[in-house]
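Novice: coords below, sequence missing:
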């Protein structure tokens with residue numbers, strides 16, 4: 001009976017350690033496919049496609065926030081672009097899933113010193129919020145007036 005408990009605990013600990021190693025590395029990491037883009041939407045940690053003895057590696061998807069590779073803009077390319085020579089530190093291998101069963105090998109690494117993107121909506125959010133409150137206030141007053149007229 002003690003052997004069964006021991007093996008059950010050992011199995012549980014091994015599952016916990018496998019699960020903990022397969023976690024999202026975070027938003028400051030990505031998979032660089034040279035001359036293409038840095039992909040940032042993490043999918044999973046798994047072995048290389050078709051080679052279960054090589055890995056485990058990080059897998060990324062093309063649907064997230066991607067940074068287009070641009071070596072010509074120097075150290076600070078415009079928003080949405082990345083110069084891997086100055087803004088990416090390679091740490092290993094990764095894969096990008098481009099379709100059902102189609103994977104591209106890339107370079108896993110840390111993204112740093114990106115040019116921030118200023119969205120015009122950010123500057124107008126207070127105006128939009130105030131206008132929404134005003135519309136709600138006027139609408140509620142007009143409905144209240146309509147109710148008194150119906151009586």
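Specialist: Sure thing, it's come through. Bear in mind the structure is a predicted one, so any value in this text is a computation, not a measurement.
Novice: Could you use CA atoms for every contact and neighbour count after this?
Specialist: OK.
Novice: spatially speaking, which residue is in the middle of the chain?
Specialist: residue 41 (3.7 Å; Cα atoms, centre = their mean).
Novice: Now do the contacts for that residue.
Specialist: Going by Cα atoms under 8 Å, 6 or more residues apart in numbering, residue 41 touches 30, 60-65.
Novice: repeat that with 10 Å
Specialist: 24, 26-27, 29-31, 59-66, 96 (Cα atoms under 10 Å, 6 or more residues apart in numbering).
Novice: Name the helix or strand for the nearest residue to it once chain neighbours are set aside, please.
Specialist: Excluding its sequence neighbours, the residue lying closest to residue 41 (Cα to Cα, 6 or more residues apart in numbering) is residue 64, at 4.7 Å. Using DSSP states H and E, residue 64 maps to strand 57-69.
Novice: what mean pLDDT does the helix or strand following that strand have?
Specialist: Where DSSP H and E defines the elements, the next helix or strand beyond strand 57-69 is strand 81-82. Average pLDDT, strand 81-82: 95.
Novice: From the chain's centroid, how far away is strand 81-82?
Specialist: For strand 81-82, the separation from the chain centroid amounts to 16 Å (computed by Cα atoms, centre = their mean, to the nearest Å).
Novice: That one: what's the following helix or strand?
Specialist: That would be, after strand 81-82 and using DSSP H and E, helix 84-87.
Novice: Buried residues, whichever helix or strand comes after that next one. List them.
Specialist: Using DSSP H and E, the helix or strand that follows helix 84-87 in sequence is strand 88-99. Neighbour-count burial for strand 88-99 flags 88-90, 93-97 (criterion: 16 or more other Cα atoms under 10 Å).
Novice: I'd like the distance between residue 68 and residue 40.
Specialist: 11 Å (Cα to Cα, to the nearest Å).
Novice: Then residue 29?
Specialist: Following Cα to Cα, the distance that separates residue 29 from residue 40 is 7 Å.
Novice: again with residue 107
Specialist: In terms of Cα to Cα, residue 107 sits 12 Å off from residue 40.
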